[in-house]
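# Below are the sequence and a predicted model for it; my questions follow.
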Amino acid sequence: MQIVDDESAKKFIDFMELCESVVKNQNNAEVKYNYKKHGFDLYHFYDVNFAFVSDSIVINFSPKEFNEKLTDKLWYMHSANCLYIINIRIQSLIYVCMKEKGIFLRGGISNEFAKIHQNFILGSGVIGAYLAESKLAKYPVVVLDPLVLKDANLRKELKFLQDTMYGKHSFITRREDDVYYIDYLNCINAMVDTNQPGVGRWAKDDPVAFAENWLACKKFYLAHKTAIMEQLRKVACLADADLEKRKISEKYEWLLHYHNNRVKSFEYDCSEYLIDVTW
């Protein structure tokens, strides 16, 4: 989006305020209470804050300092859980942005130090996330700084968490160019895959809640399909001589194939959500 006057600036500010509302809602009092009451208490171990820099939102999960001593294994388990929660929250942000504005997000994740204080944002983690987004992402996805997965202990705990919660559905996927990205559609698929013991039990014990979750997944896929098709239509309207046309087209063609591949891997027949590449 080019910002060249007050009108275009206002449109972009409206979009950023939408992002702000999503992130604030993800950290409201009810959310914090539910984490404290059920399982892993994110806010006991992390301070979560955010800030805006130009056209970017920076969200920082900063480990707290406290007297409680953690074993190395527990420390890495918390790190893996935090990355899983980041993944879930990215899904929500992607959904709202593409549904309400037709915009797909691109970003980077770093596990280096970062600090947000009032109007100041600093630290190597900010640089690492920016470089991952600007140099490695290429397409509308959120990628990991290569340093994140260099730690063998973290990889081990991520694999355990992934196998336990997702089974065959990886929430971090390696792209053909060896870049790892948040595979949000695979996570959507995992939420309703009754072949996984936990999901199968949930579907049997609480069919109403499972049905609501299944409906939410279908809404996500429909919004994803609609937004991709709209972006491809806009690209098709660009003049062939436009130097940006090929560059933009490649981004959304990759997203189209990603979408269709995940639809085809769904446990159920979801062919209605496939995007016809011949239209």
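Looks like it came in fine.
# Neighbours of the closest residue to I57 other than its chain neighbours, how many?
Nearest residue to I57 in three dimensions, chain neighbours excluded: C19, at 5.4 Å (Cβ to Cβ, 6 or more residues apart in numbering). C-beta: built from backbone N, CA, C; applies to glycine. Applying other Cβ atoms under 10 Å, we find 20 other residues in the vicinity of C19.
# what does Q196 give?
Residues contacting Q196 under the criterion other Cβ under 10 Å number 20.
# what residues are up against the closest residue to it other than its chain neighbours?
Once flanking residues are discounted, Q196 sits nearest to G167: 4.5 Å by Cβ to Cβ, 6+ apart. With contact taken as Cβ atoms under 8 Å, 6 or more residues apart in numbering, G167 is in contact with 190, 193, 195-196.
# one more time with 7 Å, if that's ok
Applying Cβ atoms under 7 Å, 6 or more residues apart in numbering to G167 gives the contacts 190, 193, 196.
# Now do it against C187, distance only.
Note on G167: its distance to C187, by Cβ to Cβ, to the nearest Å, is 12 Å.
# State the distance from the residue nearest to the spatial centre of the chain to L274.
For the chain, the residue nearest the mean C-alpha position is I90 (3.0 Å; Cα atoms, centre = their mean). I90 is 24 Å from L274, where distance means Cβ to Cβ.
# now the helices for the stretch 151-279 of the chain?
Assigned by DSSP state H, counting those that start in this stretch, the stretch 151-279 of the chain shows helices spanning 152-165, 184-190, 197-205, 207-236, 243-264.
# so what does the shortest one touch, helix or strand wise?
Applying 3 or more Cβ pairs under 7 Å, 6 or more residues apart in numbering; DSSP states H and E, we find helix 184-190 packed against helix 72-101, helix 243-264.
# hmm, try it at 6 Å
Packing partners of helix 184-190 (3 or more Cβ pairs under 6 Å, 6 or more residues apart in numbering; DSSP states H and E): none among the helices and strands.
# and that helix, average pLDDT?
The average pLDDT for helix 184-190 rounds to 90.
# One more: stretch 98-111?
On average, the pLDDT along stretch 98-111 is 93.
# likewise stretch 36-54?
Across stretch 36-54, pLDDT averages out at 90.
# from the chain's centre, how far out does that stretch sit?
Distance of stretch 36-54 from the chain centroid (Cα atoms, centre = their mean, to the nearest Å) equals 16 Å.
# So which bits of that stretch are buried?
Burial within stretch 36-54, assessed by neighbour count using 16 or more other Cβ atoms under 10 Å, is assigned to 42, 45-46, 48-51.
# how about the strands in the stretch 1-150 of the chain?
Here the stretch 1-150 of the chain has its strands, by DSSP state E, counting those that start in this stretch, at 46-53, 56-63, 107-109, 115-117, 120-122, 142-144.
# Just send these back as JSON lines, with distance to I94 too.
Shown next, in JSON lines, are those (distance: least, Cβ to Cβ, whole Å):
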{"stretch": "strand 46-53", "distance to I94": "16"}
{"stretch": "strand 56-63", "distance to I94": "13"}
{"stretch": "strand 107-109", "distance to I94": "10"}
{"stretch": "strand 115-117", "distance to I94": "22"}
{"stretch": "strand 120-122", "distance to I94": "22"}
{"stretch": "strand 142-144", "distance to I94": "8"}
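# Of all these, which one is nearest A132?
For A132, the closest of these is strand 107-109, at 3.0 Å, according to Cβ to Cβ.
# From the contact counts, what lies against the closest one?
Short answer (3+ Cβ pairs under 6 Å, 6+ apart): strand 107-109 packs on strand 142-144.
# which residues are in contact with the strand it packs on?
With Cβ atoms under 6 Å, 6 or more residues apart in numbering as the test, strand 142-144 has contacts from 90, 107-109, 132, 136-137, 179-182.
# swap in stretch 34-51?
Counting by Cβ under 6 Å, 6+ apart, 23, 27, 32, 58-62, 64, 78, 81, 85, 116, 121 sit against stretch 34-51.
# quick one: low-confidence parts of the stretch 151-279 of the chain?
Counting by pLDDT under 70, the low-confidence segments of the stretch 151-279 of the chain come to 239, 241-243, 278-279.
# distance of Y139 from Q231?
12 Å.
# These two: which has the busier surroundings?
When neighbours are counted by other Cβ under 10 Å, Y139 and Q231 differ, and Q231 comes out ahead with 21 against 17.
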